[in-house]
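S.K.: sequence and computational prediction follow.
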Amino acid sequence: MNNSPDFLTQLTHWLPAWQTLLPILTLLILGGGFALFLQRLLGRHFNKMASHASISPSTVFALRRTLNLAIWLIFFLLLMRQAGINVDGIWALLASTLAIIGVGLLAVWTMVSNITASLFIWIWRPYELGETIEILPANIKGRAVDRSLMFTTIREADGSLLMVPNNQFFQNTTRRWPNRTQLTDFEAWEAEQTRGANGQHTAAVAVQQPRDLQPDTTGEGNPPV
């Protein structure tokens with residue numbers, strides 16, 4: 001009989017501790033599972049993005065590490081707040097840091113994308129300087145007068161200059177009007193083959209022409225007068 005009051009007394013002491021500890025354990029289990037799921041989901045997304053875009057594996061690895069670190073940092077901050085630790089200052093610092101990192105990553109990605117596109121333009125030659133080009137569906141039309149690592153300069157008909165990012169030539173359709181004096185190797189080869197084929201066809205027709213249809217230059221075939 002004397003044990004019952006002692007048990008109730010101990011239970012009343014344990015209940016406040018369990019009321020604090022139970023939400024923390026729940027957040028630890030559910031939040032940790034969600035963080036792992038989100039980490040794998042983002043990993044698959046980055047793998048698909050790396051296979052369909054011109055992104056180096058080192059860049060994808062750096063982005064994955066940064067996002068994984070941010071996910072687990074947010075999870076531990078939520079856990080600390082649930083435990084009663086004031087993390088408002090840490091939240092403000094984390095938000096500011098993530099904003100700066102996001103802007104920096106966007107700027108770096110834009111620069112890398114345009115520099116890579118400039119290299120690809122130099123290799124595959126979707127246009128040549130001096131040609132009239134049009135970017136569709138933006139309807140940007142003019143003469144390509146200059147190209148740098150970041151931009152291609154297009155002079156419109158009214159004389160104004162447009163600075164077009166180089167990666168736009170791989171994200172849109174480009175229409176070009178080559179100069180008549182500037183032919184590509186294939187166009188020159190095609191024109192030469194066409195002229196050669198026409199010459200061979202003319203010679204073959206002349207050889208196969210019947211003798212009675214050829215003009216008589218000896219006078220033997222003329223009718224007597």
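M.R.: Everything's here; your move. Just so we're clear, the structure is a prediction, and the values are computed from it rather than from any experiment.
S.K.: wait, doesn't P165 sit right on N114?
M.R.: Yes - contact criterion CB atoms under 8 Å: P165 and N114 qualify, at 5.3 Å. C-beta: built from backbone N, CA, C; applies to glycine.
S.K.: the more surrounded of these two?
M.R.: Neighbour tally, P165 and N114, criterion other CB atoms under 10 Å: the higher count belongs to N114, 18 against 15.
S.K.: which strands and helices sit next to the strand of greatest length in the chain?
M.R.: Criterion DSSP state E: the longest strand present in the chain is strand 140-147. Contact partners of strand 140-147 among helices and strands, from 3 or more CB pairs under 8 Å, 6 or more residues apart in numbering; DSSP states H and E: strand 132-136, strand 151-155, strand 161-165.
S.K.: can you list the strands that it pairs with?
M.R.: For strand 140-147, the pairing partners within the sheet under DSSP bridges are strand 132-136 (antiparallel), strand 151-155 (antiparallel).
S.K.: okay, buried residues for it please.
M.R.: Buried residues in strand 140-147, counted by 16 or more other CB atoms under 10 Å: 140-144, 147.
S.K.: what comes into contact with that strand?
M.R.: Strand 140-147 has contacts (CB atoms under 8 Å, 6 or more residues apart in numbering) with 118, 121, 127-135, 152-157, 161-162, 164, 166.
S.K.: any quick PyMOL command for the buried ones out of the residues you listed?
M.R.: Here is the PyMOL command that selects the buried residues among the contacts of strand 140-147 (16+ other CB under 10 Å):
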select buried, resi 118+121+127+132+133+134+135+152+153+154+164+166
